[in-house]
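Undergrad: Sharing a model that was predicted from the sequence below.
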Amino acid sequence: MQNPSAPQPLAYLTADLPGIGGQIKQRPDDFIVTEESLYEPCGEGEHLYLFVERTGLTTLDVVAKLARKLGVTNRQISYAGLKDKHAISRQMFSIHLPGSESQDAQRVAFLEGEPYSVLWADRHNNKLRRGHLAGNRFDIRIRDVEPTAVIRAKRILDQLVASGVPNYFGPQRFGYRGDNHLVGRVLIKRDFQAALKQLLGDAEHCEHEQTLEARKAFDAGDYVTALEHWPRTLRYERQALSALAKGRSISKAIYSIAETQRLFYGSAAQSHLFNMVLNQRVANGTFAKLLPGDLAMKHENQSVFPVDTQQTETENAPHGRVSQCVISPSGPMWGSDLLLAQQSVGDMELGVLDEFDIPRQLIETCPLTRGSRRAMRVIIQNTDIAGGVDEHGSYVRLQFALSKGSFATVVLRELMKNDIDADSASGEA
């Protein structure tokens, strides 16, 4: 039975242009993502920087393997962002190793033969922090299409370059069932029993065969059997189930889930609310147009400022900063630090929150969410597109760069016009 909790389809910016269909990630080298650094290591300092290429491993898998191989803790290893498992991914890691620079060459040599490759290494004074990247470059082959489909794809891409791309959060933010935002909603409301049911039960609406028997056992209150059947790859659900199987309370089961994952559920709720606001702006043609009461965001530094009627007329003009892709409308990432838009724009944002059934006071005080604004569009750069054929068949090859925090799937969905699920989606930029 279809899962009613999955996010609803989002509006296309290029709905008047037919997509090319096709499939992504038929092979690992069909999807290549390369992290673009915010700065280069200076050549000295307490932190060893490694630029790593890997396939078939998550970012956290690499952290764990580096820690074991180099004899350090996971907490000594940092990274700027998460990258996709089912792709060729290249990204930076930093390892806190003070006072041992002379051993770096030996360390890098010791890492040879691992299921990842160190492309280069250097030293820097500071650790690499989350978000410390400029963005990502993508090199993607869409297969199961005719090479001539590139003509239709080019029309869509040209429009995206001219107007910017709706900065939706991709399906991977909402998990393999598409319901992370609903887990986040009930966690924000501190309804822990409902959170566990959403996370571990509801077998009636389960479309994920690997967890069906486990969900049935959970719904029946048999937590030991549920844990036995639960896939080991879904470790956060297993953390909660393990606590329940040991007879621990519902609240202790929730707090058995790693804090980073609980924060991620809260972030998924924020992301859903942002998507719903952006969806309305795309549907009514104002996602790339400032309205009175908007908080405009500068793409250069993510700072925001309110705009009135006169400012909107100036900024929306043909030579204004909106048309030049210097500034864009912003949408809400609800939380304690959120600046709310005003006038009809603010009313719409509050209406979306009300429809999602979270009291404003709760989401503004919940420790799982901190407020901010997010640009409603992302500027796509360094684009190239071509059709071709190789030993694996025909394809359309797409290359582009996105700023940090944006998803390659927002570009692909416009070109392909078919559903890209969380298993096929890529990591964010």
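TA: Perfect, I can see it now.

Undergrad: contacting residues for Ala121?
TA: Counting by Cβ atoms under 8 Å, 6 or more residues apart in numbering, Ala121 touches Leu48, Tyr49, Leu50, Phe51, Asp104, Arg107, Val108. The C-beta positions use only the backbone N, C-alpha and C, and glycine is treated the same way.

Undergrad: Do you know the pLDDT at it?
TA: As predicted, Ala121 sits at a pLDDT of 95.

Undergrad: Would you mind naming the helix or strand containing the nearest residue to Arg129 once chain neighbours are set aside?
TA: What sits nearest to Arg129 in space, not counting adjacent residues and going by Cβ to Cβ, 6 or more residues apart in numbering, is Ser78, at 6.5 Å. Element membership for Ser78 (DSSP states H and E) is strand 77-79.

Undergrad: got it, and Ile140?
TA: Assigned by DSSP H and E, Ile140 belongs to strand 133-143.

Undergrad: now the helix or strand following that strand, how far from the centre of its chain.
TA: Next along the chain after strand 133-143, taking DSSP H and E as the criterion, comes helix 150-163. Centroid separation between helix 150-163 and its chain, computed with Cα atoms, centre = their mean, to the nearest Å, is 23 Å.

Undergrad: Pull out the CA atoms of helix 150-163 and give them to me as CSV.
TA: Presented in CSV, the C-alpha positions along helix 150-163 are these (Å, rounded to 0.1, in the frame of the first residue of the first chain):
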residue,chain,number,x,y,z
VAL,A,150,20.4,16.3,-25.4
ILE,A,151,18.5,18.8,-27.6
ARG,A,152,15.5,18.8,-25.3
ALA,A,153,17.7,18.7,-22.2
LYS,A,154,19.7,21.7,-23.5
ARG,A,155,16.5,23.8,-23.7
ILE,A,156,15.7,23.0,-20.1
LEU,A,157,19.3,23.7,-18.9
ASP,A,158,19.4,27.1,-20.6
GLN,A,159,16.3,28.1,-18.7
LEU,A,160,17.7,26.9,-15.5
VAL,A,161,21.0,28.9,-16.1
ALA,A,162,19.0,32.0,-16.9
SER,A,163,16.6,32.0,-14.0
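
Undergrad: Does anything pack onto it? Which helices or strands?
TA: strand 381-390, strand 393-403, helix 408-416 (3 or more Cβ pairs under 8 Å, 6 or more residues apart in numbering; DSSP states H and E).

Undergrad: rerun that using 10 Å as the cut-off
TA: Counting contacts by 3 or more Cβ pairs under 10 Å, 6 or more residues apart in numbering; DSSP states H and E, helix 150-163 is packed against strand 165-166, strand 377-378, strand 381-390, strand 393-403, helix 408-416.

Undergrad: Between strand 133-143 and it, find me the angle.
TA: In terms of direction (axes from the mean of the first three to the mean of the last three Cα atoms, to 10 degrees), helix 150-163 departs from strand 133-143 by 160 degrees.

Undergrad: Could you figure out how far helix 150-163 is turned away from strand 381-390?
TA: 170 degrees.

Undergrad: Any buried residues in helix 150-163, and which?
TA: Val150, Arg152, Ala153, Lys154, Ile156, Leu157, Gln159, Leu160, Ser163 (16 or more other Cβ atoms under 10 Å).

Undergrad: Repeat that for stretch 98-105.
TA: Neighbour counts over stretch 98-105 (16+ other Cβ under 10 Å) mark Asp104 as buried.

Undergrad: And the contacts of it?
TA: For stretch 98-105, the surrounding residues in contact (Cβ atoms under 10 Å, 6 or more residues apart in numbering) are 43-50, 70, 95, 97, 106-107, 110, 121-123.

Undergrad: Which residue ranges of the stretch 1-150 of the chain form helices?
TA: Applying DSSP state H, counting those that start in this stretch to the stretch 1-150 of the chain gives helices spanning 59-70, 104-110, 150-163.

Undergrad: and Thr314, what does it touch?
TA: Applying Cβ under 10 Å, 6+ apart to Thr314 gives the contacts Leu290, Val307, Gly320, Arg321, Val322.

Undergrad: Would you tell me which one of those comes nearest to Lys197?
TA: Leu290 (42.2 Å; Cβ to Cβ).

Undergrad: The closest one sits in which helix or strand?
TA: Going by DSSP H and E, Leu290 is not part of any helix or strand.

Undergrad: Can you check the pLDDT for it?
TA: pLDDT, Leu290: 98.

Undergrad: of the helices and strands packed on helix 150-163, which approaches Ala194 most closely?
TA: When those are compared (using Cβ to Cβ), the closest one is helix 408-416, at 28.8 Å.

Undergrad: hang on, the earlier thing: reformat the buried residues of helix 150-163 into TSV and put pLDDT and distance to Gln361 next to each item.
TA: Converted to TSV, the buried residues of helix 150-163 look like this (pLDDT from 0 to 100; distance: Cβ to Cβ, whole Å):
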residue	pLDDT	distance to Gln361
Val150	96	51
Arg152	96	48
Ala153	97	46
Lys154	97	49
Ile156	98	42
Leu157	98	44
Gln159	96	41
Leu160	97	39
Ser163	94	37
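
Undergrad: With distance to Ala283 as added columns, please give those in TSV.
TA: Converted to TSV, the buried residues of helix 150-163 look like this (distance: Cβ to Cβ, whole Å):
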residue	distance to Ala283
Val150	28
Arg152	23
Ala153	23
Lys154	25
Ile156	18
Leu157	22
Gln159	16
Leu160	17
Ser163	15
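
Undergrad: so where do the strands sit in the stretch 201-350 of the chain?
TA: In order along the chain, the stretch 201-350 of the chain carries the following strands (DSSP state E, counting those that start in this stretch): 295-298, 304-306, 327-333.

Undergrad: Out of those strands, which is closest to Gln193?
TA: Per Cβ to Cβ, nearest to Gln193 of the strands of the stretch 201-350 of the chain: strand 327-333, 27.1 Å.

Undergrad: Which residue of the chain lies farthest from its centroid?
TA: Relative to the centre of the chain, the most outlying C-alpha is that of Ser102, 37.6 Å out, by Cα atoms, centre = their mean.
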